[in-house]
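Colleague: turn this into a structure:
(2 chains)
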Amino acid sequence: MRNPLKNLTALFVGFRTTFGFLFAKQPTIEYPSIKKRHAPRFHGLHELRRYENGQERCIGCELCSIACPANAITVIGTENHDGGRLSPGERGAARYEIDELRCIFCGLCEDACPTDAIVLTPRFEMADYRRGAFVYAKDRLLVPPEAGVGATPVNPANGIPADLGTVAQRKSTVDPDQGYDATHRGSILKHQRRGLAG
Amino acid sequence: MLTLLAALPWWLLVVLKSVVVLAIVITTFAYAMLFERKVMGWMQLRPGPNRTGPWGLLQPAADALKMMFKEDLIPRTADKPIYLLAPFISLLTAMGCFAVVPFSETSGALWSVGDVNAGLLVIFALGSMGIYGISLAGWASGSKYPLLGSVRSTAQMISYELAMTLSVVGVLILAGTTSLSGIVHAQYRMWFILPQLLGFAIYLTTAVAETNRAPFDLIEAESELVGGFHTEYSGLRFGLFFIAEYLNMITVSSLATLLFLGGWSPFFGLTMIPGIIWFAIKVAFFLFVYIWLRATMPRIRYDRLMAFGWKILLPLATLNLIATAAYIAVVG
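Modeller: Now for the predicted structure:
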């Protein structure tokens, strides 16, 4: 109240500001109907990749599990047999589970993986009513066989794929420019429902 | 139409008009609430409610439904009869005010429920009664925050009602009547906002305090008092206070329109637009100002609120009154 005139002008500045905002462009993104474009290397839900011949990239080495700071990954490896092989190498993952509630989405699993099998996608809408639904097993993590990329390693004993280090960048199942594809969301939901029993 | 209405017995006419007025006023309340949330949203650079129906138009219905299905909780420490009565005092006095508001030219008594010759006094009396609702609610809740809220409300209402009444006396002197339609008729030559600019400013300020709206909503200051007087109220009982607050807002906006902006008299001689529309436009303008104020101003500190009321508004209102009276005495 020391300078009434100054206070009064301040009052009018305030009113002008709020009135101006009335016609300003709102930065709000109306989320469920309009989705934001992700950064290309956004860390979201995991994905287990395949080679283009459909075999799994994962060799069951558990390096991701060891690297995980949140102990969110459980891998149980198994021997591959020529009869029904999972991966091109000697071993593959019999079980591969990620507890997405524990996961801190740091991407260290992605870095640790010697075959670029585990990759973080930009998908982030994982909400569910049941705690158990957040443990993602292979049935939901694995990409469909037709979504495999890269040739199997030339030397299966060595097991290192030629395109190591580039798969994570090729997040082929989700187009980062399109944000999160609505059709894919439907298929994830279907997978979730199916995967719950296991 | 008029002859048909005139043929009805007077009591039926009053009941019919009351029902129509209440229906309109309650609808106005519902959409004033949505309007407030929308405008506040825009002023804060967000879209406001937009999920229920197109443009959020069903939001009031959703809110009402939510209120109805909430648990009606009565604290063990509450003074039960008064606790139950308080919201109704607030609501009924708030609704009662509309009985004397003339919405348009009242020839044939069509546009008001009862155009009594002491309309202004009735509204002020009912407004003062409404404070009992708030004070008793806080007192009867039997807990700390509501009590603080009700103590605040009592002090604030007394302080601001003085200045409010004094600011209106200037209008009374100019119009020479307490009949609301008479006051509007007196403004056909010139709206009282021009000779009573100071009175108008004081009225507008005190009206905000009287209706417990930001920046004078100390009574329900959520940052200090949780919910103030209505902290312990839930469900429909809280809803009644909520309705009462908005009805009071509409009342004081109507009063500002009638006293200072010439009621239903048109702008620029645009007489082809009916008076009721002009009235609605003016009331809507005041409602917008209310919302604008809330979106702009932070809540005032309590001691400053008191100092402002007693040391600035009351002397100014008195000055305004003396100046108006002197003008009428000298010039006539």
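Colleague: wait, B:Gly96 sits on B:Gly127?
Modeller: No: contact criterion CB atoms under 8 Å: B:Gly96 and B:Gly127 do not qualify, at 9.7 Å. Every residue, glycine included, has its C-beta placed from N, CA and C.
Colleague: higher neighbour count, these two?
Modeller: Neighbour comparison, B:Gly96 and B:Gly127: the larger count goes to B:Gly127, with 24 against 19 (by other CB atoms under 10 Å in any protein chain shown).
Colleague: if I pick the more buried one, what's in contact with it?
Modeller: By CB atoms under 8 Å, 6 or more residues apart in numbering or on different chains, the contact set of B:Gly127 is B:93, B:97, B:161, B:210, B:248, B:251-252.
Colleague: can you check B:Phe216 too?
Modeller: B:156, B:160, B:208-209, B:299-300, B:305.
Colleague: ditto for B:Val122
Modeller: B:97, B:99-100, B:116.
Colleague: what's the separation between it and chain A?
Modeller: 33 Å (CB to the nearest CB, to the nearest Å).
Colleague: now the helix or strand that contains that residue: buried residues?
Modeller: In the assignment (DSSP states H and E), B:Val122 maps to helix B:119-140. Buried residues in helix B:119-140, defined by neighbour count with 16 or more other CB atoms under 10 Å in any protein chain shown: B:119-120, B:122-124, B:126-127, B:129-140.
Colleague: with adjacent residues omitted, what lies nearest to B:Leu8?
Modeller: In this structure, B:Leu8 finds its nearest non-sequential neighbour in B:Leu16, 7.4 Å apart by CB to CB, 6 or more residues apart in numbering or on different chains.
Colleague: A:Leu45 too?
Modeller: Nearest one to A:Leu45, counting by CB to CB, 6+ apart, is A:Arg123 at 4.2 Å.
Colleague: A:Thr152 too?
Modeller: Using CB to CB, 6+ apart, the nearest residue to A:Thr152 is A:Pro88, at 4.1 Å.
Colleague: now the contacts of B:Gly127 as JSON lines including distance to B:Leu197?
Modeller: What follows is the contacts of B:Gly127, written out as JSON lines (distance: CB to CB, whole Å):
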{"residue": "B:Thr93", "distance to B:Leu197": "30"}
{"residue": "B:Cys97", "distance to B:Leu197": "25"}
{"residue": "B:Glu161", "distance to B:Leu197": "21"}
{"residue": "B:Glu210", "distance to B:Leu197": "20"}
{"residue": "B:Asn248", "distance to B:Leu197": "24"}
{"residue": "B:Thr251", "distance to B:Leu197": "22"}
{"residue": "B:Val252", "distance to B:Leu197": "18"}
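Colleague: and those residues, which are buried?
Modeller: B:93, B:97, B:161, B:210, B:248, B:251-252.
Colleague: residues contacting A:Thr78?
Modeller: Neighbour list for A:Thr78: A:60, A:86, A:91-94 [criterion: CB under 8 Å, 6+ apart].
Colleague: can you tell me which of those residues are buried?
Modeller: By 16+ other CB under 10 Å, those give A:60, A:86, A:91-93 as buried.
Colleague: output the contacting helices and strands for the helix or strand hosting B:Ile281.
Modeller: Assigned by DSSP H and E, B:Ile281 belongs to helix B:275-296. Packed against helix B:275-296 by the contact rule (3 or more CB pairs under 8 Å, 6 or more residues apart in numbering or on different chains; DSSP states H and E) you find helix A:4-21, helix B:10-43, helix B:197-210, helix B:235-260.
Colleague: could you point out which element follows it?
Modeller: Downstream of helix B:275-296, the next assigned helix or strand under DSSP H and E is helix B:302-307.
Colleague: next one: the lengthiest strand in chain A to chain centre, how far?
Modeller: The residue-count maximum for a strand in chain A (DSSP state E) belongs to strand A:91-99. The chain centre lies 16 Å from the centre of strand A:91-99; the measure is CA atoms, centre = their mean, to the nearest Å.
Colleague: same question, stretch A:131-142
Modeller: Distance, stretch centre to chain centre, for stretch A:131-142: 12 Å (CA atoms, centre = their mean).
Colleague: got the end-to-end distance for it?
Modeller: Using CA to CA, to the nearest Å, the end-to-end distance of stretch A:131-142 comes to 21 Å.
Colleague: quick one: mean pLDDT over that stretch.
Modeller: Per-residue pLDDT over stretch A:131-142 has a mean of 90.
Colleague: buried residues, it. List them.
Modeller: So stretch A:131-142, judged by 16+ other CB under 10 Å, has buried residues A:133-136, A:138, A:140-142.
Colleague: what does chain B have sitting close to chain A?
Modeller: B:39, B:42-47, B:50, B:292, B:295-297 (CB under 8 Å from any CB of the partner chain).
Colleague: of all these, which two lie farthest apart?
Modeller: The distance between the two most remote of the residues of chain B next to chain A (CB to CB) is 25.6 Å, for B:Asn50 and B:Met297.
Colleague: distance to B:Phe286 and mean pLDDT added to the helices and strands packed on helix B:275-296, as a markdown table?
Modeller: A markdown table is the format used below for these (distance: least, CB to CB, whole Å; pLDDT from 0 to 100):
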| stretch | distance to B:Phe286 | mean pLDDT |
| --- | --- | --- |
| helix A:4-21 | 15 | 83 |
| helix B:10-43 | 11 | 86 |
| helix B:197-210 | 8 | 88 |
| helix B:235-260 | 4 | 88 |
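Colleague: let me have these in CSV, adding distance to B:Gln187 as columns.
Modeller: Formatted as CSV, these follow (distance: least, CB to CB, whole Å):
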stretch, distance to B:Gln187
helix A:4-21, 26
helix B:10-43, 23
helix B:197-210, 12
helix B:235-260, 8
